[in-house]
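Novice: sharing a sequence plus its predicted fold:
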Amino acid sequence: MPLRERYLAAQTFDEFVSAAQVNQELWRAVAKGVRLPEGAVARAAAAGGAWHLLVLNEDWCGDAVNTVPVLARLADEAPNLDLRVLGRDANLDLMDAHLTNGARSIPVALVLDDEFRERAWWGPRPAELQRWVLTEGQALDKAARYREVRKWYARDRGRTTVEEVLAMIEGVGRRE
C-alpha cells in the first residue's frame, strides 16, 4: 500500500493512546506533561513545507512512550506538521525497510513530504542514548540498563528527540 494511503488510514496519536492495551495511563501522563523546548514550534514553521510524521510503534515500547508524545505535541503545535501512528507488528514490510542494526527497534518516525514521499527517518531513540545503550549500557543487566535509560529520558524531557527530528526536517527542506 502506498505511504499516502497508509498515512491517511493510520491512527492519530489520541486514537492510538485511547486504544492502547499496555501502559495507557503512562501514555496519557507522559503526553500531559510534555513541554516543548523553547523555539521548537517556530523552528518547525520556519522549515517551510508540509511534513507528515508516520510513526511505527507499539504501546508496550518504553522508548516510544518517552519520545512519541513529544513528537505528537510538536505536530499538534506546529502549523506545518502532523503525525499518525501505525502498529509495527501490522506493518512489518515497512518496519523491515527501517531496521536498526538488523532489529525491528521502535519507535521509527518516517518524515514524509507534502506528497507523502519518505525523505528521512528517525529512531529508535535519540543518538546519544542509542550510543550509550550499544556501548556502556551493554555492561549492565537489562533491568539496570533500562533504569538508566528511564533516568536519561527524565533528564532530557524530549529535547533531544525534538532537536534531532527538527534537524532532519530542516536538512531535507534545504535540499529541495
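Specialist: Nice, thanks for sending it over.
Novice: can you dump the C-alpha atoms of the lowest-mean-pLDDT helix or strand in the chain in PDB for me?
Specialist: None of the helices or strands of the chain scores lower by mean pLDDT, DSSP states H and E than helix 159-175, at a mean of 89. Coordinates of the C-alpha atoms in helix 159-175 are reproduced here as PDB (Å, rounded to 0.1, in the frame of the first residue of the first chain):
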ATOM      1  CA  ARG A 159      14.600  18.000  24.000                       C
ATOM      2  CA  THR A 160      17.000  15.700  22.100                       C
ATOM      3  CA  THR A 161      14.200  13.900  20.200                       C
ATOM      4  CA  VAL A 162      12.700  17.300  19.100                       C
ATOM      5  CA  GLU A 163      16.200  18.600  18.100                       C
ATOM      6  CA  GLU A 164      17.000  15.500  16.000                       C
ATOM      7  CA  VAL A 165      13.700  15.400  14.200                       C
ATOM      8  CA  LEU A 166      13.700  19.100  13.500                       C
ATOM      9  CA  ALA A 167      17.300  18.900  12.200                       C
ATOM     10  CA  MET A 168      16.200  16.200   9.800                       C
ATOM     11  CA  ILE A 169      13.200  18.200   8.500                       C
ATOM     12  CA  GLU A 170      15.400  21.300   8.100                       C
ATOM     13  CA  GLY A 171      18.100  19.300   6.300                       C
ATOM     14  CA  VAL A 172      15.600  17.800   3.900                       C
ATOM     15  CA  GLY A 173      13.900  21.200   3.300                       C
ATOM     16  CA  ARG A 174      17.300  22.700   2.400                       C
ATOM     17  CA  ARG A 175      17.900  20.000  -0.200                       C
END
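Novice: buried residues, that helix. List them.
Specialist: Buried positions in helix 159-175, judged by neighbour count with 16 or more other C-beta atoms under 10 Å: Arg159, Thr160, Thr161, Val162, Glu163, Glu164, Val165, Leu166, Met168, Ile169, Val172, Gly173. No exception for glycine: its C-beta is placed from N, CA and C like everyone else's.
Novice: tell me how far that helix lies from the chain's centre.
Specialist: 12 Å (C-alpha atoms, centre = their mean, to the nearest Å).
Novice: who are the packing partners of that helix?
Specialist: With contacts taken as 3 or more C-beta pairs under 8 Å, 6 or more residues apart in numbering; DSSP states H and E, helix 159-175 sits against helix 40-46, helix 62-77, strand 108-112, strand 118-122, helix 127-134.
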